[in-house]
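Asker: Pasting the sequence and the predicted coordinates here, then a few questions.
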Amino acid sequence: MNTQLSIKTWRLLFSPIFVTLLIGITVLILGGLSAQAQTASAPPAPAPAPAIVDSSITVATKGTVNDPNGAITFSGNVIVNCRRVVDTTGTSTAAPAAPVVLLDLDLSQLTGTSGSLKTLRSYITGDNHASEIRPLQASDTIIVTCSYFDSTQNGLSAKSMLVTATLNIDISSGKVTGGSITIGNNVVTSAMVDTVTPAN
């Protein structure tokens, strides 16, 4: 009788149902351990993108432009808005992306006069803005053109002058900290062109 019980027990242990069940449990256990191992060795989350830094300064500006109607003296404030950004859209991983600054020069507050008394004329610049994308550097010189026209006429009679802005930017914070702006004739000279030295 014991022999028959042992034979039945062995048949039960090696029956297809029991073997299939045993293999299924083993796969589940090994699969769970593999998933835990993969979770433990997962790569760290990517670093957050560098923050955008906004800053602004107001620069008192003046200069003289030679015009067929006579010398025009311009003055007013120029608002310089600066935004430091880092381009993270590139696919190269050889070197980190270099920061740049987006500059907006609001030239709309510049006004000019020429002549005197009966020959006095006034000039405006309209809603002029100049936008530039520049590498982040401690000192930068930007030359832009700005249109101007007689305040009694419209923009179709506009002429242009040069606005030269020399800006100081704090490399560590990315904020514009100061600068100077001059106005002159629409002629670029070699002395006005500056070299670009990207920030480290």
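Answerer: Looks like it arrived, so ask away.
Asker: ranges for the strands of the protein?
Answerer: 53-67, 70-86, 99-106, 111-114, 121-124, 129-135, 139-150, 159-169, 176-184 (DSSP state E).
Asker: What count of nearby residues applies to G63?
Answerer: 19 (other C-beta atoms under 10 Å). C-beta coordinates here come from the backbone N, C-alpha and C atoms, glycine included.
Asker: Next one: the residue nearest to it when sequence neighbours are not counted relative to V100, how far apart?
Answerer: Once flanking residues are discounted, G63 sits nearest to I183: 2.8 Å by C-beta to C-beta, 6 or more residues apart in numbering. From I183 across to V100, the span is 26 Å (C-beta to C-beta, to the nearest Å).
Asker: More neighbours: those two, which one.
Answerer: When neighbours are counted by other C-beta under 10 Å, I183 and V100 differ, and I183 comes out ahead with 24 against 19.
Asker: ok, now which ones touch that one?
Answerer: T61, K62, G63, T64, V65, F74, L110, C146, M161, L162, V163, T164 (C-beta atoms under 8 Å, 6 or more residues apart in numbering).
Asker: Adding distance to S172 and pLDDT, write these out as CSV.
Answerer: Converted to CSV, the contacts of I183 look like this (distance: C-beta to C-beta, whole Å; pLDDT from 0 to 100):
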residue, distance to S172, pLDDT
T61, 27, 96
K62, 32, 95
G63, 32, 95
T64, 38, 95
V65, 38, 95
F74, 35, 96
L110, 32, 96
C146, 32, 94
M161, 35, 94
L162, 32, 94
V163, 28, 95
T164, 26, 95
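Asker: how about JSON lines for these, with distance to S139 added?
Answerer: As requested, these are exported to JSON lines (distance: C-beta to C-beta, whole Å):
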{"residue": "T61", "distance to S139": "18"}
{"residue": "K62", "distance to S139": "21"}
{"residue": "G63", "distance to S139": "20"}
{"residue": "T64", "distance to S139": "25"}
{"residue": "V65", "distance to S139": "26"}
{"residue": "F74", "distance to S139": "24"}
{"residue": "L110", "distance to S139": "23"}
{"residue": "C146", "distance to S139": "22"}
{"residue": "M161", "distance to S139": "23"}
{"residue": "L162", "distance to S139": "19"}
{"residue": "V163", "distance to S139": "17"}
{"residue": "T164", "distance to S139": "13"}
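Asker: Who does the closest residue to E132 other than its chain neighbours form a beta bridge with?
Answerer: Sequence neighbours aside, L103 is the residue nearest to E132 in space, at 4.5 Å (criterion: C-beta to C-beta, 6+ apart). Beta-bridge pairing of L103 under DSSP bridges involves C82, E132.
Asker: L103 reaches I142, doesn't it?
Answerer: Yes. The criterion here is C-beta atoms under 8 Å, and L103 meets it with I142 at 6.7 Å.
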